[in-house]
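In: fold the stuff below for me.
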Amino acid sequence: MTTQPQTEPQTTPDRIVAKMVVGGRSVDAADGQTFDVLEPATGRVMASAPLGGKEDVDRAVAAARQAFDDPKGWSTWSASKRGRTLAKFSALVKAHLEELARLESRNVGKPISGARGEALGASLVFEYYAGAANKIFGETIPVSKPGLDFTLREPIGVVGLIVPWNFPMLMASWKLGPALAAGNTCILKPASWTPLSTIRLGELALEAGFPAGVVNIVTGPGGTAGAAIAGHAGIGKVAFTGETTTGQEIMRLAANNVKKVSLELGGKSPNIVFADADLEKFARESPYSVFDNCGQDCCARSRILVERSAHDRVVELFVDATRKVKVGDPSDDATEVGPMVHPRQRDRVMDYIGIGQDEGAELLVGGTAPEDPDLAAGTYVLPAVFAGVSNDMRIAREEIFGPVVSIIPFDTEEEAIRLANATPYGLSGSIWSRDIGRALRTAKGVQAGVLSVNSNSSVHTEAPFGGYKMSGIGRELGLHAVELYTETKNIFVDLD
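Out: Numbering: from 1, shown residues only. Alright, predicted model coming up:
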């Protein structure tokens, strides 16, 4: 393999100079250092952002604590007033939808159509939690002693929120929404590769009327800024979405002050196809369950488990559908799959494609860079489909986080469930069958937190989202998420 000479990436003419949001102000890192942010479609530097570290986290924690402890501050506002502020935030996000979408598309490499959907989705999440703010309440409990026993739901205090690079804006809304509705103050750290949309959310939060220090955005590497958040004694809870080994380290750091932890981690989700399913519908819809966002999705259905009698037909239909997926410039409305987020992630995926071939799997389509010279500077990988895969191969066991799918045959319903569960993960998955009894039996047998039948739809703002096993701890979205950001206080009043 020939090593190409390393050159500094060029800078886009409209380079953005981003700032953190701490204590209601846009600020640089305490030591003035910055880092470059790449545009995946061009390979150019599109922005610089502050290289935050422990001192910056300390500043943010101090601002958040001051805001939380203010006797007339955010945590003491009526639930309805907090809800109205969240509603204004939602409206501002929607008003800036095109700006946020183009920022997300450029920074992450996702198609502009998908980025618009995610900006709208973030607005709808804030709208949902605006309505939820005055629906967070306790209960009265009959007890044996003569008296009144009741519970209160109270905010934790200062919470740390760490979001990933694959859906930075949407994941920020999943965490900010319930945390703010419950009355907490927040320190949000985006991934270093994709900080721009979350910084803009922090600016819009100030415009919406959140008091200074309620929403703070700190940028910087996970190993420094992220570790400082996870281990900080002034933070009462940390929520993290990202890679599993990082989640394990966050748990270790959070043990320092026994802070609450919620984790949404990796996945190796199955797409279980029985022979009686609507195979044409499956093939029409399922490529997007693994290739959307260039496969950079913890819910990606990267293992297709197909009943043996339908195997060849499913392979034929799925490969044909994959060939039709439009890979291209993310700014083009017709593009369905853009580049990968970063050269390092592209290299990781290409390594796995080589591993699959070395293991003896058959690469049926894709797995290379596009031939289009206009895409040569970007981090593109054509969606790849492997057949001849066994469930013990690395490409079937390990999370690739790229546009790579493995097709694996099974013979019985019991075998399908066994194969689906033969993974340390348990996040998502789909089951395809016209036999609803079989579909529900299979759904009950699969160890995963979010499943769909005859659909690839995993995520609903109103419903809980999260995983089994090494896919995480806790549930986001819906009213379930509020539990992650509140303490339950029990009070007994003696009436004897």
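In: make it CA atoms for all contacts and neighbour counts henceforth
Out: Fine.
In: how close does the residue lying farthest from the centre of the chain sit to residue 157?
Out: No residue in the chain sits farther from the centre than residue 496, which is 51.9 Å out by Cα atoms, centre = their mean. In this view, residue 496 and residue 157 are 35 Å apart by Cα to Cα, to the nearest Å.
In: what do you get for residue 87?
Out: When residue 87 is compared with residue 157 (using Cα to Cα), they lie 22 Å apart.
In: mind giving me the packing neighbours of the one helix or strand residue 315 maps to?
Out: According to DSSP states H and E, residue 315 maps onto helix 311-323. When contacts are defined as 3 or more Cα pairs under 8 Å, 6 or more residues apart in numbering; DSSP states H and E, helix 311-323 packs onto helix 279-285, helix 287-291, strand 362-365.
In: highest mean neighbour count out of the ones you listed?
Out: Among these, helix 287-291 has the highest mean neighbour count (mean count of other Cα atoms under 10 Å), at a mean of 25.
In: which element follows it toward the C-terminus?
Out: From helix 287-291 onward toward the C-terminus, using DSSP H and E, the following helix or strand is strand 303-307.
In: sheet partners, orientation included, of that following strand?
Out: In its sheet, strand 303-307 lies beside strand 270-273 (parallel), strand 404-410 (parallel), with partners assigned from DSSP bridges.
In: so which of these is nearest residue 128?
Out: Evaluated over the strands paired with strand 303-307, closeness to residue 128 peaks at strand 270-273, with 29.8 Å, by Cα to Cα.
In: what lies in contact with the closest one?
Out: Surrounding strand 270-273, the residues in contact under the criterion Cα atoms under 8 Å, 6 or more residues apart in numbering are 301-307, 416, 420, 428-433.
In: the same query, at a cut-off of 7 Å, please.
Out: Counting by Cα atoms under 7 Å, 6 or more residues apart in numbering, strand 270-273 makes contact with 301-307, 420, 429-433, all of which sit outside it.
In: would you point out the most distant pair within the residues you listed?
Out: Greatest spatial distance in the contacts of strand 270-273: 302 and 433, 18.6 Å, computed using Cα to Cα.
In: and residue 430, its phi and psi?
Out: As for residue 430, its main-chain torsions (degrees, to the nearest 10) stand at phi -130, psi 150.
In: who has more neighbours, residue 302 and residue 433?
Out: residue 302 (33 against 20; other Cα atoms under 10 Å).
In: the more buried one contacts residue 406, correct?
Out: Yes. At 6.3 Å, residue 302 and residue 406 qualify as touching, with contact defined as Cα atoms under 7 Å.
In: over to residue 149: give its phi and psi.
Out: Backbone dihedrals for residue 149, given as degrees, to the nearest 10, come out at phi -120, psi 130.
In: again, but for residue 276
Out: Torsion angles at residue 276 (phi, psi; degrees, to the nearest 10) stand at phi -90, psi 0.
In: how far away is it from residue 61?
Out: Using Cα to Cα, residue 276 is found at 56 Å from residue 61.
In: higher neighbour count, these two?
Out: Each of residue 276 and residue 61 has its neighbours counted (other Cα under 10 Å); residue 61 has more, 27 against 13.
In: host element of the more buried one?
Out: Residue-wise, residue 61 maps onto helix 54-69 under DSSP H and E.
In: next SSE after that helix?
Out: Heading towards the C-terminus - elements assigned by DSSP H and E - helix 54-69 is followed by helix 79-95.
In: need the residues that contact that following helix.
Out: For helix 79-95, contacts defined as Cα under 7 Å, 6+ apart pick out 120, 123-124, 126-127, 130-131, 133-134, 181, 204-205, 208-210.
In: identify each buried residue in it, please.
Out: 79-94 (16 or more other Cα atoms under 10 Å).
In: ok, back up a step: looking at the helices and strands packed on helix 311-323, which is closest to residue 466?
Out: helix 287-291 (17.0 Å).
In: give me the pLDDT value at the nearest residue to residue 423 once chain neighbours are set aside.
Out: By the measure of Cα to Cα, 6 or more residues apart in numbering, the closest residue to residue 423 outside its immediate chain neighbours is residue 397, 6.3 Å from it. Residue 397 is assigned a predicted lDDT (pLDDT) of 96.
In: if you count neighbours, what's buried in stretch 314-329?
Out: By neighbour count, and taking 16+ other Cα under 10 Å as the criterion, the buried residues in stretch 314-329 are 314, 315, 317, 318, 319, 321, 322, 325, 327, 328, 329.
In: so the third one touches residue 283, yeah?
Out: Right, the one you point to is residue 317. Yes. With contact defined as Cα under 7 Å, residue 317 and residue 283 form a contacting pair (5.7 Å).
In: returning to what we had before: strands - which of the contacts of helix 79-95 land there?
Out: Assigned to strands by DSSP state E, none of these qualify.
In: for stretch 186-200, buried residues please.
Out: Under the neighbour-count criterion of 16+ other Cα under 10 Å, stretch 186-200 has 186-200 buried.
In: just the terminal-to-terminal distance for it.
Out: Criterion Cα to Cα; first-to-last residue distance in stretch 186-200 is 15 Å.
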